[in-house]
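Engineer: have a look; sequence and predicted model below, questions after that.
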Amino acid sequence: MICVSIGRGRHRSMIAEARHVAEQGADLVELRLDYIRRAVNIKRLLANRRCPIIATCRREDDGGKWNASDTDRMTLLRQAIAEGVDYVDLEEDVAGQIPRYGKTKRIVSYHNFVETPEDVQSIHDRMVKLDPDIVKIATLAHHPHDNLRLLQLIENSKVPTVAFCMGEQGVLSRLLSGRFGAPFTYATFHEERALAPGQLSYRQMTEMYRYTDISKSTAVYGVVADPVGHSLSPIIHNAAFRDSELDMVYIPFRVPLDELGSFLGDCPDLGIKGLSITIPHKEEVMQFLDQVDTDAATIGACNTAVFDGEQISGYNTDHQAAVDSLLRTHSKSGTTPLKGKTSLILGSGGAAKSVAYGLTQLGSDVVITSRNEERTMALAERFNCRTVPWEERQKIRAGILINTTPIGMHPKVDESPYEKRHIDRGMVVFDTVYNPEQTLLIKYAREQNCRVITGVDMFIRQAELQFRHFTGQEAPKEVMRNQLKRSTGAARY
Ligand code: NAP
């Protein structure tokens, strides 16, 4: 069940939003009385309600907007109970002062905007003594492990408990709380009006994550990154799971580099069966893998992990995606179409490694250039490639040009790593940047009538291959591609 929190300054707006979300299918609405700017008319707010209502009036100290007296606040909450509101939210310190009355259910709540305390169990034990129908605990996550601690609190509690972590690191607990037995989770009316850090909108919860379909049997997947908010992977993988009617969900996991090992240790308990791994974890993750396929081992980086209990296998689908994209473009040119052709790779980071490995396997004469000479040399040595100084990159006569730098990526879309006048008609131009798809480099290449491979081609291909590792079945390519195209430029969880 999803509870939509509504905080508006005017009664009319609050009533209209509550009606709207109830019509959209919301099962529960929280009215944040502390947001109303004038005297609260509780009777008016509760009249003609379309679904059960929680009355909440949060003090400033507890993350709310109420700045009048606490006596007035308690009077308001008592009034809501007297008017027969379905649920009332009472913080731990006032729950003892407002007794149970009528049919109104009591949510006894604890909020901590600073941290997730070590002793969450003893906080929960205290709250259970305050005659709750539901205990609510919301704390700020500083570590991915904070999520598991709160989810296990839900699982082990005899009293129905809604517990989750706030903040970007806490998103997973908001999405998985139902899987651990929470009676509901909170969402906001609109993604741009979150009432607490990390809160997702009702639309995101229902359309992208299908929250109400997540159960104990749902297999959990996700992308591990830091930061993760820009990732497009949840959008495309969830669309693919939905289209394939799989009981699977895909979640963004923001994990700091030094907490990767701890997070991977939590994965089996979180129900996680597979991960996409991206910046900055692709190399770091190698030490935690029990099995690594040859490609990932040779490249020294892994972007896909699959769990079999506590055993983790690692793969690299970036490399295969780059190879497949190049081969598709050269498909009419024979069986080893890249053999002997000169390829110029711009950049010497993670993507460059995968592309260099793929191109050398295909027999291409690879030249690497980047602004960091040391990394350029190291990469060239590893895969037996040539190098050229970054400043001289446009002097090379290459049949294939591959950009693996972020130049041209949103928002700096008017930049190109290569000037148009140096792009020859016969070249194949491959830009790994996928947001936007039509980068300035790709536009230049099209204007010169070059064959092009876009970052979207590669991104979709690596996601398709990941989908195959995750599910053992073929990915719905067109669904993924269409979803990505629709979302490019508006990337959010
Ligand atoms: P990375 O490891 O950080 O490497 C980035 C490379 O670009 C480094 O060589 C870096 O040089 C260079 N660079 C960064 N800014 C630059 C600038 N302003 N001028 C010149 N060089 C610059 O990142 P990555 O993982 O390889 O990703 C790089 C790009 O590939 C991103 O745009 C990413 O979206 C894309 N990518 C796409 C896919 C796909 O499926 N389409 C998959 C993976 C990556 P320094 O070392 O000097 O910083």
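Structural biologist: Ah, there it is. Predicted, not measured: the structure shown is a model, and the values here were computed from it.

Engineer: helices along the stretch 51-200 of the chain, start to end?
Structural biologist: Taking DSSP state H, counting those that start in this stretch to define them, one finds helices in the stretch 51-200 of the chain at 70-82, 92-95, 120-128, 144-156, 171-176.

Engineer: most tightly surrounded among the ones you listed?
Structural biologist: Comparing those by mean neighbour count (mean count of other CB atoms under 10 Å), helix 171-176 ranks first with a mean of 27. All C-beta spots, glycine's among them, are computed from the backbone N, C-alpha and C.

Engineer: which residues touch that one?
Structural biologist: With contact meaning CB atoms under 8 Å, 6 or more residues apart in numbering, helix 171-176 is reached by 141, 144, 146-147, 150-151, 163-165, 185-186, 198-200, 205, 209, 211, 214, 220, 222, 249, 251-254, 270-271, 493.

Engineer: try 7 Å this time
Structural biologist: Here helix 171-176 makes contact (CB atoms under 7 Å, 6 or more residues apart in numbering) with 147, 150-151, 164-165, 185, 198, 200, 209, 211, 220, 251-253, 270, 493.

Engineer: then stretch 439-459?
Structural biologist: 321-322, 325-326, 329, 403, 408, 413-418, 420, 423, 425, 427-434, 437, 484.

Engineer: tell me the contacts of the spatially closest residue to Pro52 that is not a sequence neighbour?
Structural biologist: Counting by CB to CB, 6 or more residues apart in numbering, Pro52 lies nearest to Asp86, which is 3.8 Å off, once chain neighbours are set aside. Going by CB under 7 Å, 6+ apart, Asp86 touches Pro52, Ile53, Ile54, Thr104, Lys105.

Engineer: so how far is Thr139 from the last one?
Structural biologist: Using CB to CB, to the nearest Å, one gets 23 Å for the distance from Lys105 to Thr139.

Engineer: more neighbours, the two?
Structural biologist: Neighbour totals were compared for Lys105 and Thr139, and Thr139 leads with 25 against 16 (other CB atoms under 10 Å).

Engineer: coming back round to it: pull out the buried members of the contacts of Asp86.
Structural biologist: Buried by 16 or more other CB atoms under 10 Å: Pro52, Ile53, Ile54, Thr104, Lys105, out of the contacts of Asp86.

Engineer: between those residues, which sits nearest Thr278?
Structural biologist: Ile54 (37.5 Å; CB to CB).

Engineer: hmm, back to that, got CSV for the helices of the stretch 51-200 of the chain, with distance to Gly363 and mean pLDDT too?
Structural biologist: Formatted as CSV, the helices of the stretch 51-200 of the chain follow (distance: least, CB to CB, whole Å; pLDDT from 0 to 100):
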stretch, distance to Gly363, mean pLDDT
helix 70-82, 74, 96
helix 92-95, 68, 94
helix 120-128, 58, 97
helix 144-156, 43, 98
helix 171-176, 44, 96
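
Engineer: contacts for stretch 87-99 next, please.
Structural biologist: Outside stretch 87-99, the residues that touch it by CB under 7 Å, 6+ apart are 52, 54-56, 62, 74, 77-78, 80-81, 104-110, 126-127, 130.

Engineer: can I get that stretch in CSV? Just the C-alpha atoms.
Structural biologist: Extracted C-alpha coordinates of stretch 87-99, given in CSV (Å, rounded to 0.1, in the frame of the first residue of the first chain):
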residue,chain,number,x,y,z
TYR,A,87,-5.2,7.5,11.3
VAL,A,88,-3.4,10.1,13.5
ASP,A,89,0.4,10.4,13.5
LEU,A,90,1.7,11.1,17.1
GLU,A,91,5.4,11.5,17.8
GLU,A,92,6.8,9.5,20.6
ASP,A,93,6.8,12.3,23.1
VAL,A,94,3.1,13.2,22.6
ALA,A,95,1.6,9.7,22.0
GLY,A,96,1.3,9.2,25.8
GLN,A,97,-0.7,12.5,26.1
ILE,A,98,-3.3,11.8,23.4
PRO,A,99,-5.3,8.7,24.3
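
Engineer: returning to what we had before: neighbour count says what about the contacts of helix 171-176? Which are buried?
Structural biologist: Neighbour-count burial (16+ other CB under 10 Å) is assigned, among these, to 147, 150-151, 164-165, 185, 198, 200, 209, 211, 220, 251-253, 270, 493.

Engineer: of those, which belong to strands?
Structural biologist: Those of the buried ones among the contacts of helix 171-176 mapping onto strands are Phe164, Cys165, Thr185, Val220, Ile251, Pro252, Phe253, per DSSP state E.

Engineer: among the residues you listed, which two are most distant?
Structural biologist: Thr185 and Phe253 (17.0 Å).

Engineer: list the contacts for the residue of the stretch 151-300 of the chain found nearest the ligand?
Structural biologist: Minimum separation of the stretch 151-300 of the chain from the ligand (CB to the nearest ligand atom) falls at Ile279, amounting to 5.4 Å. Ile279 sits next to Ala225 when contact means CB under 7 Å, 6+ apart.

Engineer: tell me the secondary structure at it.
Structural biologist: Under DSSP: H, G, I helix; E, B strand; the rest coil, Ile279 falls in the coil class.

Engineer: ditto for Gly314
Structural biologist: Following three-state DSSP, Gly314 is assigned to strand.

Engineer: across the sheet, point out what pairs with it.
Structural biologist: Counting by DSSP bridges, Gly314 is bridged to Val292, Ala305.

Engineer: tally of neighbours for it?
Structural biologist: Per other CB under 10 Å, the neighbour tally for Gly314 reads 25.

Engineer: ok, Gly25 next?
Structural biologist: Around Gly25 there are 11 other residues, counting by other CB under 10 Å.

Engineer: how much space between it and the ligand?
Structural biologist: According to CB to the nearest ligand atom, to the nearest Å, Gly25 and the ligand sit 35 Å apart.

Engineer: nearest spatial neighbour of that residue, skipping sequence neighbours?
Structural biologist: Here the residue nearest Gly25, using CB to CB, 6+ apart, is Thr206, at 7.2 Å.

Engineer: same deal with Arg179?
Structural biologist: Excluding the flanking residues, the one nearest Arg179 by CB to CB, 6+ apart is Ile214, at 5.3 Å.

Engineer: go on, His20?
Structural biologist: The shortest distance from His20 to any non-neighbouring residue, by CB to CB, 6+ apart, is to Phe189 (7.9 Å).

Engineer: quick one, phi psi at that neighbour?
Structural biologist: phi -60, psi -40 (degrees, to the nearest 10).

Engineer: so who does it touch?
Structural biologist: Shown in contact with Phe189 (CB under 7 Å, 6+ apart): Val4, Ile6, Glu17, Val21, Ser201, Tyr202.

Engineer: the nearest residue to the second one once chain neighbours are set aside - how many residues pack around it?
Structural biologist: Spelled out, that is Ile6. Counting by CB to CB, 6+ apart, Ile6 lies nearest to Glu17, which is 4.9 Å off, once chain neighbours are set aside. Neighbour count of Glu17, defined by other CB under 10 Å: 19.

Engineer: so which strand or helix has Glu17?
Structural biologist: Secondary structure assigned from DSSP states H and E places Glu17 in helix 11-24.

Engineer: quick check: which helices or strands does that helix pack against?
Structural biologist: With contacts defined as 3 or more CB pairs under 7 Å, 6 or more residues apart in numbering; DSSP states H and E, the packing partners of helix 11-24 are strand 2-6, strand 28-32, helix 42-46.

Engineer: avg pLDDT for it?
Structural biologist: In this model, helix 11-24 has a mean pLDDT of 95.

Engineer: next: stretch 422-435.
Structural biologist: Stretch 422-435 shows a mean pLDDT of 93.

Engineer: contact partners of whatever helix or strand Val249 lives in?
Structural biologist: Assigned by DSSP H and E, Val249 belongs to strand 248-254. Strand 248-254 is touched from outside by 144, 168-169, 171-172, 175, 209-210, 214, 218-228, 231, 233-234, 237-238, 241, 263, 493, with contacts defined as CB under 7 Å, 6+ apart.
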